[in-house]
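Colleague: When you get a sec, could you give me coordinates for this:
(one chain, ligands or ions: 1)
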Amino acid sequence: MSDGSIRPDAESEAELAFEGALRPKSLAEFVGQRKVRGQLQLLLQAASMQNRTPDHILLAGPPGLGKTTLAMIVAHESGRPLRMTSGPAIQHAGDLAAVLSALVPGEILFVDEIHRMARSAEEMLYLAMEDFRIDIMVGKGAGATSIPLDLAPFTLVGATTRAGLLPNPLRDRFGFTAHLEFYETAELEQVLDRAAALLDLEVDSSALSMIAGRSRGTPRIANRLLRRVRDYALVHRTSAGLEAVDAALELYDVDGLGLDRLDRAVMQCILTRFDGGPVGLNTLAVSVGEEAETIESVVEPFLVRTGLLTRTPRGRVATPSGWEHFGLARREASVPAALFGDRL
Ligand SMILES: Nc1ncnc2c1ncn2[C@@H]1O[C@H](COP(=O)(O)OP(=O)(O)OP(=O)(O)O)[C@@H](O)[C@H]1O
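Modeller: Predicted structure coming up:
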C-alpha cells in the first residue's frame, strides 16, 4: 500500500533487515502458538530419532504471524540447510524443476505463498513430495518424451495465507498443517519486550501493553509500531511512554482496536453503503478499491476475530459491535443480498 499505513506488506529495505534481526531462532524463543510449537517439536524430534528428513509441513495463516520465522526455525532446529523461494517465482514447471534438482540431501525447501505457484508446477510437486522424483518433459506434441529424474530427499515447508486455494492433492501431501492464530495481547507484549531490548529502547510496561493491544494480533505489526513510537520519542525528545504511543499511533491512523485505514474503509463501506450488509466479497473489494484477496486474507480475519464482522452464507455482515465501534446507529438491512454471482 502506498498510503503509509502500517500493513504487513508495506516493507522498506531497512525495516526488512531489522525484521530479520528480530526473528527468534528457536522454538523456545518463539512466543505464543503453543499448540503448533508442540506439534512441530514432536515432528522434528521423531524425524531426528529416526535419522530421516522431517515430513512436509504446511504453515497457514494471515501475514506477519511467523510463518517464515517458523520455516527458519525448522531448518535451524533440525540442523539442515534452508533454501527459500516463493509461489510467484515459480511460474512454470521448469522453474520448479531447477529448484528441486539443485537441492542437497535433507535440505528444507521453503515456498512462501505456495498457493500462487503455477498449476503445472503444482502437479510436478505432487510426485516430488511423494517419491522424491520428477518427470521432465522433453520436446512437444507426438515426439515429446518424459525423462525421470531422482531428487535428493527434502522437506517442503509451504506457507500460505489462503490454505483453501490449495488443491486437495497438494494439501494432502503435507504430513502436518499448522494453522497460525492471531496473538493475544500478553503474547505480543513479550514480543515487544524482546524487540525493545534489541532496539536498546526504554519503554514503560503500560506503553508496551498499549502498543500490543493495537497491533492487530500480529507480531510484525507490533514490531513496526514500536519502531514508529521510537521515532516519535526521538524526534519529539520525549520518553517512549503512553503519550508518545498515543500520538504516534494516531499519526499512523491506527485506532483504539488496532484497526488501520483499510480495516476502517471496509467497515465503513459495509455500514454506510450497504446498511450493515450482507455484501459479497467482490462488491466490497470494488467499493474500497482493493484486491479481493487482500480483503479476504488480511482484513477480514482480523475484523471477524475482533467481533466487528461476521461471514454469513449471504455475505459479510456488520455485528452490533461493528456499528457501535464506528459510533453509528444500527439500521435494518435494506440492500438486497450480495450481488448475483459475487463470491461470498
Ligand atoms: N512468535 C513470534 N515471536 C517473536 N517474534 C515473532 C513471532 N512471530 C513473528 N515474529 C516476528 O514478526 C515478524 C514477521 O514474521 P514472519 O515474517 O515470520 O511472518 P510471516 O507469517 O511469514 O509473514 P508473511 O505471510 O507476510 O510472509 C518477524 O520479524 C518476526 O521476528
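
Colleague: Give me the phi and psi angles of the residue nearest the centre of the chain.
Modeller: Centroid-nearest residue in the chain: P63, 1.9 Å away (criterion: Cα atoms, centre = their mean). The phi/psi pair for P63 (degrees, to the nearest 10) reads phi -60, psi 150.

Colleague: where exactly do the strands run in the stretch 101-250 of the chain?
Modeller: Ranges of strands in the stretch 101-250 of the chain, per DSSP state E, counting those that start in this stretch, are 108-112, 133-138, 145-150, 155-160, 176-179.

Colleague: Each with direction, which strands does the second one pair with?
Modeller: Using DSSP bridges, strand 133-138 pairs in its sheet with strand 145-150 (antiparallel).

Colleague: Show me what from the stretch 151-300 of the chain comes close to the ligand.
Modeller: 159, 161, 191, 219-220, 223 (Cβ under 6 Å from any ligand atom). All C-beta spots, glycine's among them, are computed from the backbone N, C-alpha and C.

Colleague: between the residues you listed, which has the most around it?
Modeller: Counting neighbours by other Cβ atoms under 10 Å, P219 comes out on top of those with 30 neighbours.

Colleague: Any figure for the gap between L180 and L44?
Modeller: Noted for L180: a distance of 17 Å to L44, by Cβ to Cβ, to the nearest Å.

Colleague: For the residue of the stretch 1-150 of the chain found nearest the ligand, what are phi and psi?
Modeller: In the stretch 1-150 of the chain, no residue comes nearer to the ligand than G66, which is 2.8 Å away by Cβ to the nearest ligand atom. When read as degrees, to the nearest 10, the backbone of G66 gives phi 120, psi 20.

Colleague: My guess is it contacts F182. True?
Modeller: No. G66 is beyond contact range of F182, at 11.1 Å (criterion: Cβ atoms under 8 Å).

Colleague: higher neighbour count, those two?
Modeller: G66 (26 against 20).

Colleague: The more buried one: what's it in contact with?
Modeller: 30, 33, 180, 219 (Cβ atoms under 8 Å, 6 or more residues apart in numbering).

Colleague: Which of those fall in helices?
Modeller: P219 (DSSP state H).

Colleague: In stretch 262-278, which residues are buried?
Modeller: 262-267, 269-271, 274-278 (16 or more other Cβ atoms under 10 Å).

Colleague: can you tell me how far G143 sits from D263?
Modeller: Using Cβ to Cβ, G143 is found at 56 Å from D263.

Colleague: again with A178
Modeller: Counting by Cβ to Cβ, the gap from A178 to D263 is 25 Å.

Colleague: what stretches of the protein score poorly on pLDDT?
Modeller: Within the chain, the stretches with pLDDT under 70 are 1-12, 14-15, 331-344.

Colleague: Domain parsing of it, as residue ranges.
Modeller: 33-179, 185-251, 261-339 (automatic domain parsing).

Colleague: Quick check: which of these is buried the most?
Modeller: domain 185-251 (a mean of 19; mean count of other Cβ atoms under 10 Å).

Colleague: Return the distance of that domain from the chain's centre.
Modeller: 21 Å (Cα atoms, centre = their mean, to the nearest Å).

Colleague: Now for A247: which residues touch it?
Modeller: 232, 236.

Colleague: at 7 Å what do you get?
Modeller: Counting by Cβ atoms under 7 Å, 6 or more residues apart in numbering, A247 makes contact with Y232.

Colleague: before we move on, what about the one 10 residues further on?
Modeller: For L257, the set of contacting residues under the criterion of Cβ under 7 Å, 6+ apart consists of 306, 325.
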